[in-house]
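A.B. asks: Here is a sequence with its predicted model. Questions after.
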Amino acid sequence: MDKETIKDSENINSDEWKFLLLMMLMEDIKQKNSQWKSFEDELIYKNRFSVKHAVIDEIHECQANAVTICKKDTVLYRARVFEKSNFNRLVKYYLQESGYSKSDIEKILNEWTDEQKILSLMPEIYSDYDYNQTPELVKAQKKWKRYVKYKGWNAEDSGAPPADLIGNGRANPDHIRYLYLSEDPVTPVYEVRPIIGDTVSVAKFKLLKDVRLYDLTFDIHDIENDKVVELPRLYNTIGAMFSRPYNGDASKYLSTQYIAEEIKNMGFDGLRFRSSLNKNGYNIVLFNPDDCVAVSSDLVEVKGIDLKLDEPMIYKVGTPKLKEEMTNLDWMK
């Protein structure tokens, strides 16, 4: 480096360095996004089953740093919109507790209207009702809450559907049974995209063994210079794209399906990624649905859907004086 270049370098203040680093970062992100786009295009328009690409190389290169072990007996959750009448199930349980025969119960369920069922449960529904008059009803309701494990879908219907009914998903091609789960009971309700008034069955699952997951939620960097800058890897772009909502465009799932298949062939039991619908939620896909078992289900009713908006984003780059001037502009107040 000649003396003139050294002198120019010394004249660059810290804000200008930050600006240069920001430009480098934005260019790096742009390049990695373009790599993902070329990967998508390759799968959609050129090669469907055998692809050599930087995205696949990155999945292999990062695997040692992208492992999460989910322990046996870990509780996970899955949701489905509930389409049956839970009221009929409660009536059936109550009639069983009251000594009705199986044939009488079937007749009541098939022939009685809902109004008749309600009146049979609460004969004084149109007056000031004293529950002490029907202690057997109160007892049945308490036993229902305590002992009935599956108040929503049963164990079989809470899991992955039969292969013939499975369509394209974020990780699975059609007819391939993967099990989609979440780490908390709220995220899977978001994932089924309910509308206000829907009843959703939220099932609780337990892992039957330790599972090794490829985790796409970490923040892995390339070290450009130990003392200067860390740049996000292509791995981070893959994780972000895996969590991006696609609004039912099946062609967009080809890239994530291919990655999931590659991860499966690498010996992982599943993968972990951020929810596209719940900001703080995490999803898990198990390649073998039999690695866990449903243990219960509860019903929740969707009362409302929260929509939270961030403040408008304004990027301010420049010297401290310029930043202060921009902040004082009327249109930004």
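C.D. replies: Happy to help now that I have it.

A.B. asks: okay, now the domains of the protein?
C.D. replies: Listed by automatic domain parsing, the domain ranges of the chain are 12-82+155-301, 86-147.

A.B. asks: Please identify the deepest-packed of those.
C.D. replies: domain 12-82+155-301 (a mean of 16; mean count of other Cβ atoms under 10 Å). Glycine gets a C-beta too; all of them are placed from N, C-alpha and C.

A.B. asks: right, and residue 153 touches residue 203 too?
C.D. replies: Yes - shown here, residue 153 and residue 203 form a contact pair, counting by Cβ atoms under 8 Å, at 6.5 Å.

A.B. asks: residues bridging contact with these two, i.e. touching both?
C.D. replies: Shared contacts of residue 153 and residue 203 (Cβ atoms under 8 Å, 6 or more residues apart in numbering): 80, 297.

A.B. asks: follow-up on the earlier one: need the domains of the chain in a markdown table with mean pLDDT, can you?
C.D. replies: Below are the domains of the chain laid out as a markdown table (pLDDT from 0 to 100):
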| stretch | mean pLDDT |
| --- | --- |
| domain 12-82+155-301 | 86 |
| domain 86-147 | 69 |
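
A.B. asks: tell me the contacts of residue 38?
C.D. replies: Residue 38 is in contact with residue 53, counting by Cβ under 8 Å, 6+ apart.

A.B. asks: SS state for it?
C.D. replies: helix (DSSP: H, G, I helix; E, B strand; the rest coil).

A.B. asks: what's the distance between it and residue 54?
C.D. replies: 8 Å (Cβ to Cβ, to the nearest Å).

A.B. asks: cool, residue 175 as well?
C.D. replies: For residue 175 relative to residue 54 (Cβ to Cβ), the value is 30 Å.

A.B. asks: can you check residue 208 too?
C.D. replies: For residue 208, the distance to residue 54 (Cβ to Cβ) stands at 37 Å.

A.B. asks: got a list of what residue 155 touches?
C.D. replies: By Cβ under 8 Å, 6+ apart, the neighbours of residue 155 are 203, 293, 294, 295.

A.B. asks: hang on, the third one packs against residue 202?
C.D. replies: Same thing as residue 294. No - in this structure residue 294 lies outside contact range of residue 202 using Cβ under 8 Å: 10.8 Å.

A.B. asks: joint contacts of those two?
C.D. replies: Common neighbours of residue 294 and residue 202 (Cβ under 8 Å, 6+ apart) are residue 78.

A.B. asks: Quick check: beta-bridge partners of residue 67?
C.D. replies: residue 214 (DSSP bridges).

A.B. asks: Pull up the gap between it and residue 285, please.
C.D. replies: 15 Å.

A.B. asks: all helices of this protein, in order?
C.D. replies: 3-10, 14-41, 54-61, 86-97, 102-111, 114-121, 135-147, 155-158, 187-191, 234-242, 253-265, 320-327 (DSSP state H).

A.B. asks: quick one, what contacts residue 205?
C.D. replies: Taking Cβ under 8 Å, 6+ apart, one finds 75, 76, 77, 78, 158, 159, 181, 292, 293, 294, 295 in contact with residue 205.

A.B. asks: how does it look with 7 Å?
C.D. replies: Contact analysis of residue 205 by Cβ atoms under 7 Å, 6 or more residues apart in numbering lists 76, 77, 78, 181, 292, 293, 294, 295.

A.B. asks: cool, residue 277 as well?
C.D. replies: Contacts of residue 277 (Cβ under 7 Å, 6+ apart): 190, 191, 245.

A.B. asks: can we see that at 10 Å?
C.D. replies: Going by Cβ atoms under 10 Å, 6 or more residues apart in numbering, residue 277 touches 187, 188, 189, 190, 191, 192, 193, 243, 245, 283.

A.B. asks: go on, residue 49?
C.D. replies: Counted by Cβ under 10 Å, 6+ apart, residue 49 has contacts 43, 258, 261.

A.B. asks: Verify the contact between the first one and residue 37 for me.
C.D. replies: Read that as residue 43. No - the pair residue 43 / residue 37 is not scored as a contact, 11.1 Å apart, by Cβ atoms under 10 Å.

A.B. asks: which neighbours do these two share?
C.D. replies: Counting by Cβ under 10 Å, 6+ apart, the contacts common to residue 43 and residue 37 are residue 255.

A.B. asks: isn't residue 73 right up against residue 204?
C.D. replies: No - applying Cβ under 10 Å, one finds residue 73 not in contact with residue 204, separated by 11.8 Å.

A.B. asks: Now stretch 212-221 - C-alpha only, CSV.
C.D. replies: Extracted C-alpha coordinates of stretch 212-221, given in CSV (Å, rounded to 0.1, in the frame of the first residue of the first chain):
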residue,chain,number,x,y,z
ARG,A,212,-31.6,-36.0,16.0
LEU,A,213,-32.8,-32.9,14.2
TYR,A,214,-31.2,-30.7,11.5
ASP,A,215,-31.8,-27.2,13.1
LEU,A,216,-32.3,-24.4,10.6
THR,A,217,-32.8,-21.8,13.4
PHE,A,218,-29.2,-21.0,14.3
ASP,A,219,-27.2,-18.0,13.3
ILE,A,220,-24.1,-19.3,11.6
HIS,A,221,-21.6,-16.8,10.1
